[in-house]
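K.L.:
below: sequence and its predicted model.
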Amino acid sequence: MKFEFIPIDYEAFDFNGKNYIKIIGRNDKGKRICLVDSYLGSFWVILKEGLTDKKIKDIQGKIEEIRAGKGERESKVVKTELHDRKFLGKEVKAIKVFVENFKDAHSVADEIGFKEVEKRREYDLNIISKYIIDKKILPLKWYEVEGSLISGNDFGGIANLEVDACFELERIKESERKEFEPRFLAFDIEVDKFEIGKGDVLMISLYGKNFKKVLTWKKSSKKQDYVEVFKDEEEMLRKFSEYVYEYAPDFLVGYFSDGFDLPYLRAVAEKNKVKLELGLDRSQPKFSRGNVLTGRISGLVHVDIFRFIRNVFSQYLQSETLSLNDVASELLGEKKHDFDFLKLGKMKDDDWYDFFSYNLQDSKLTYELMEKIWLDIYEFTKIVQEPVFEVTRNAMSSHVEDYIIHNLERFNEIAEKRPVHEEIGKRRGRGKYEGAFVFQPTPGLYEDIGMFDFTSMYGSVIVSYNLSLSSFHEKKEKGDLEVDLVKQKVHFSKEKAFFPTMLGEFIEMRKKYKKEYNENKNPMTKARSNAYKLLANAAYGYQGFFGARYYCLEAAASTAALARENIHSVIDKIKKQGYTVIYSDTDSVAFLLDGKNQKETLGFLKKLNSELPGIMELDLEDFYKRALFVSKRTTDAGAKKKYALISYDGKLKIRGFETVRRDWCKLARRLQSEIIESILKNGNEKDALEILKDVIMKIKKREVKREDLIIRTQLKKPISEYLATGPHVIAAKKMEEKGIAVSPGDLIEFYVAEMKGKKKLVREKVKLPDEEGDYEIEYYLNNQILPATENIFEVFKINLREVIDGNKQTKLF
DNA sequence: GTTAAGTCCATACC
DNA sequence: ACAGGTATGGACTTAAC
């Protein structure tokens, strides 16, 4: 039978001792299809130089005799082939070893420690990645498929899967078809005790296209048409699996569902002795323990969008936390419903009604977030060529690496191995290298400023100077680039290596799609341009990351060194041209126009660009009307990474100030930003000073709302691991005492209250937001308001303490 | 008991 | 453990008196 097919999920299975891959996807009619394909996996044995043909034949013979495996299972080598390949850019002779069951590739490779063998590689690749590379059957790409229907007990009864049809793959070729409308089903649970395994699931909400349900075993007399009440938790759980099956989603979507909803459901299913049959083979979710739990459901893709947002998206979000509420507010302009969890112990009829709609809203937000970021997931999947399950969970370093792995064939390259435990330890012990240059600013209010910055600076340095593991030379060779790292000199070949080449592709694609997007605003090109930008930015960090296959600290250190060299050179040229440089951080430089006009400055930028090496490019960031720099708190020296700018159209750009820090109270943050705005708009401090005086008065009169005085600090590790007990740790302890579960990652809220007796430490005055008490006036004046404002006024030679001492109403200072 | 230096910790910038 | 280094600054801890 012939049909069009789009792969969504891949799973390997063994049948009669051989590897098979089942691909779950859709056909062009929207039917769910399972495609089964055989797969013969292989790895590489790289030979030492100068072996005779006869010797190589001998080795191949010896390899073909090997049988190895783990436990009961044993695989034989099916065949070997000799190839000319490259490894880290060097030409090598390599034997391709085909193993009956790829799970035994490592064991087989272990048997090939002959003295003629230089290295063994690719036995550590994931079988699905290997399959996608070898067979070129890429996720989310349409194919024309010929296959034969599988029925009965073929392949161990695979025809029993909950799909519309199962085929064995016979022929496949690319199709022109593009459009794909994925089916999402979002879910969310509510429980009575937060800790997994300790409580009951009170309700489960589901949200899809024209589909909304809240399943529960609790009742409210007020009717909600989407609520279905079951006799107990067990029946609710059964119905949950059934609804998921009926809706037949491609993606079952949750928010933090790897860490909470799915494991919680599993725990209560176990307790109720019911099976959570979510898989297309009616199997239960399987959890793998990495750093965090990961829940996999056979045949449909469980997506925890929190993880994708955290790993990929978060750096471009303004939200102060990655909670569903904050992220949905920012991306969708929609919030969670309010529900007071303290009611849980004594729920009334109306409360259940509210709780059901609260639960449904969470699924709705999750569904809409998935719709919102789907194109980003889709583009990442297309670019790195890994299945959506992995793409939505992997960190940026993995995305970079996956792109490399899936593109090595173009370079005839064999993949490097993943570092093992000892190697990682060694790498981590190597210590830091010198990073970026930051210009020491002079505090002051400046006027008429220009700012240039390099586009993808580190990426373009790597490409322009060819910095990577395969171009790195231990000893200097003829024509090499030499980079002086002070402690040592390192060398890189000028022969173009694959890593800089691929990174060049990221930068080029980013440029191309950014341009395309600007000409024709289309969410697809935006997502694509964004994905390439993220990959380009992460590639530098990747080479310095201890877990990377293509780790090269020398390349990372050289990238930073050459970036410094380039920014210094640009700073010098700008100065020489007659501008005053006032600031620079890593890849940007700010300077005073000193009477020169913008047009002239842009002309100068063009000249600067013509002198830059390789693909490096300097851009106009913007022209600004005013800029404010302040001193550090402890010395007179200007503070780095802390400044505020106002553009000619009145837009503010504030960096580093307390205003942008989430661990300062609202009052201090708002006051500081008002002061900064006033100063930048007016060009003087007069109005700003009045704003400050007003707030100080309010504090003293106790007119400030508690909400504006709450300080929020993240708990980064379990309470017991803290060596220094800061205020937020005490607040977290208090929460635990009240029976509120706290875990690493939570934002802890507290305020500083007046206490009986003289308390010295801040932590002794910590109270939780709902705890009775009066705020401590002195703390908020001295530890929040003053530090956030005094070095701003210092720029105008105003000593806040003196000014305020002269004010009769404010004698506290 | 007080104070200054040192350390821990969170958060930001690029 | 899940990209890197640079930087600020609050609050606690420790050493010295």
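P.N.:
Perfect, thanks for sending it. Numbers count the residues shown, from 1 in each chain, chains lettered A, B, ... in the order given.
K.L.:
check contacts around A:His491.
P.N.:
Contacts for A:His491 were tallied using CB atoms under 8 Å, 6 or more residues apart in numbering; they are A:Phe472, A:His473, A:Lys475, A:Lys476, A:Glu477, A:Asp480, A:Leu481, A:Glu482, A:Val483. Where you see a C-beta, it was placed from the backbone N, CA and C, and this is true even at glycine.
K.L.:
angles on the backbone of the second one, please.
P.N.:
Note on A:His473: backbone dihedrals following degrees, to the nearest 10 are phi -110, psi 130.
K.L.:
ends of stretch A:734-750, how far apart?
P.N.:
The distance separating the two terminal residues of stretch A:734-750, taken as CA to CA, to the nearest Å, comes to 10 Å.
K.L.:
got the residues of the stretch 551-700 of chain A near DNA strand C?
P.N.:
Applying CB under 7 Å from any atom of the strand, we find that the stretch 551-700 of chain A lies next to DNA strand C at A:Ala556, A:Ala560, A:Thr586, A:Lys632, A:Arg633, A:Thr634, A:Ala637, A:Ala639, A:Lys640, A:Lys641, A:Lys642, A:Gly656.
K.L.:
which residue is the nearest non-sequential neighbour of the fourth one?
P.N.:
Read that as A:Lys632. Nearest residue to A:Lys632, sequence neighbours excluded (CB to CB, 6 or more residues apart in numbering): A:Ala639, at 4.5 Å.
K.L.:
again with the last one
P.N.:
By the measure of CB to CB, 6+ apart, the closest residue to A:Gly656 outside its immediate chain neighbours is A:Lys642, 3.5 Å from it.
K.L.:
which stretch of helix or strand covers the residue in the stretch 351-500 of chain A that DNA strand C sits nearest to?
P.N.:
Closest approach between the stretch 351-500 of chain A and DNA strand C, counting by CB to the nearest atom of the strand: A:Gly435, at 2.3 Å. Element membership for A:Gly435, per DSSP states H and E: none, as it lies in no helix or strand.
K.L.:
what are the boundaries of the strands in the stretch 301-450 of chain A?
P.N.:
A:301-304, A:444-454 (DSSP state E, counting those that start in this stretch).
K.L.:
equivalent analysis for the stretch 101-250 of chain A, please.
P.N.:
Defined through DSSP E, counting those that start in this stretch, the strands belonging to the stretch 101-250 of chain A, from first to last, are A:117-121, A:143-149, A:165-174, A:184-191, A:201-208, A:211-216, A:227-229.
K.L.:
adding mean pLDDT as columns, could you present the ones you listed in TSV?
P.N.:
Supplementary listing: the strands of the stretch 101-250 of chain A in TSV, determined by pLDDT from 0 to 100:
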stretch	mean pLDDT
strand A:117-121	97
strand A:143-149	96
strand A:165-174	96
strand A:184-191	98
strand A:201-208	98
strand A:211-216	97
strand A:227-229	96
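K.L.:
of all residues in the stretch 101-250 of chain A, which one is closest to DNA strand C?
P.N.:
Across the stretch 101-250 of chain A, the shortest distance to DNA strand C (CB to the nearest atom of the strand) belongs to A:Asp124, at 12.0 Å.
K.L.:
mind listing what that residue touches?
P.N.:
A:His106, A:Lys417, A:Arg418.
K.L.:
which of these are buried?
P.N.:
For the contacts of A:Asp124, a neighbour count by 16 or more other CB atoms under 10 Å gives the buried set as A:His106, A:Lys417.
K.L.:
so where's the stretch 51-200 of chain A uncertain?
P.N.:
Counting by pLDDT under 70, the stretch 51-200 of chain A contains no low-confidence residues.
K.L.:
what do you get if the cut-off is 90, keeping everything else the same?
P.N.:
Low-confidence segments of the stretch 51-200 of chain A, defined by pLDDT under 90, are located at A:69-73, A:151-160, A:162, A:193-197.
K.L.:
picking up where we left off before, turn the strands of the stretch 101-250 of chain A into CSV, columns for distance to DNA strand C and mean neighbour count.
P.N.:
Formatted as CSV, the entries for the strands of the stretch 101-250 of chain A read as follows, by distance: least, CB to the nearest atom of the strand, whole Å; neighbours: other CB atoms under 10 Å:
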stretch, distance to DNA strand C, mean neighbour count
strand A:117-121, 18, 19
strand A:143-149, 31, 17
strand A:165-174, 32, 16
strand A:184-191, 24, 25
strand A:201-208, 27, 24
strand A:211-216, 33, 22
strand A:227-229, 38, 18
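K.L.:
closest one to A:Val301 among those strands?
P.N.:
Put simply, out of the strands of the stretch 101-250 of chain A the one that sits nearest A:Val301 is strand A:184-191, at 9.9 Å, with distance taken as CB to CB.
K.L.:
just checking: what are the partner strands of the closest one?
P.N.:
Using DSSP bridges, strand A:184-191 pairs in its sheet with strand A:201-208 (antiparallel), strand A:251-254 (parallel).
K.L.:
would you reformat these as a markdown table and include distance to A:Glu516?
P.N.:
A markdown table is the format used below for the strands paired with strand A:184-191 (distance: least, CB to CB, whole Å):
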| stretch | distance to A:Glu516 |
| --- | --- |
| strand A:201-208 | 32 |
| strand A:251-254 | 28 |
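K.L.:
wait, which of those is closest to A:Ile46?
P.N.:
Closest to A:Ile46 of these, according to CB to CB: strand A:251-254, at 40.1 Å.
K.L.:
if we can go back for a sec, ok, which of the strands of the stretch 101-250 of chain A comes nearest A:Gly431?
P.N.:
When these are compared for distance to A:Gly431 using CB to CB, the nearest one is strand A:117-121, at 27.3 Å.
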